[in-house]
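>>> model this:
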Amino acid sequence: MTGGLDLDRFKRPSADPDAVARIKGWAATMLGLGPDDTVSVNEIDCADPACPGRETVILILRRGEAARSCRSPGAAVVQTRPMIAKALRG
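Coordinates of the predicted model:
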């Protein structure tokens, strides 16, 4: 790190924090999650030609249940409530 700038050219920027918070809130509400449950939201770049490129991955961790992963095409910042609902139904 030099002068407050991250010069690691291989490091991909993190997903937009406001978009991540919005998606977490939607998922928690839609799934009726409680205080012991966790939602994690990340973006990944998929190299498979069948993938849309960038995907938003939502990991649902409910107490007493196996972890569940849901995917929605596109970056977190372009996600809408209906897109997340569809991914969670997936």
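>>> list the contacts for K86?
K86 makes contacts with S72, as judged by C-beta atoms under 8 Å, 6 or more residues apart in numbering. Every C-beta, even on glycine, is put in place using the N, C-alpha and C of the backbone.
>>> next one: phi and psi at it?
Backbone torsions of K86, given as degrees, to the nearest 10, read phi -60, psi -40.
>>> go on, S40?
Phi and psi for S40, reported as degrees, to the nearest 10, are phi -120, psi 140.
>>> list the contacts for it?
Applying C-beta under 8 Å, 6+ apart, we find S40 in contact with I58, L59, L61.
>>> correct me, but the last one touches S69?
Translated: L61. No - taking contacts as C-beta atoms under 8 Å, L61 lies outside contact range of S69: 10.1 Å.
>>> hmm, back to that, what is the nearest of the contacts of S40 to C51?
Distance to C51 across those (C-beta to C-beta) is lowest for I58, with 16.0 Å.
>>> ok, how many other residues are close to I84?
Using other C-beta atoms under 10 Å, I84 is surrounded by 23 other residues.
>>> spatially nearest residue to it (excluding sequence neighbours)?
Using C-beta to C-beta, 6 or more residues apart in numbering and skipping residues adjacent in sequence, the residue nearest I84 is W26, 4.9 Å away.
>>> tell me the helices and strands packed up against the longest helix anywhere in the chain.
The helix that spans the most residues within the chain, counting by DSSP state H, is helix 17-31. Here helix 17-31 touches strand 38-45, strand 54-61, helix 81-89, going by 3 or more C-beta pairs under 8 Å, 6 or more residues apart in numbering; DSSP states H and E.
>>> for the residue positioned nearest the centre of the chain, which residues are in contact?
In the chain, the residue lying closest to the centroid (C-alpha atoms, centre = their mean) is V41, at 2.7 Å. Counting by C-beta under 8 Å, 6+ apart, V41 touches A15, V20, I23, K24, A27, T56, V57, I58, L59, A76.
>>> let's see 6 Å
By C-beta atoms under 6 Å, 6 or more residues apart in numbering, V41 lies in contact with V20, I23, K24, I58.
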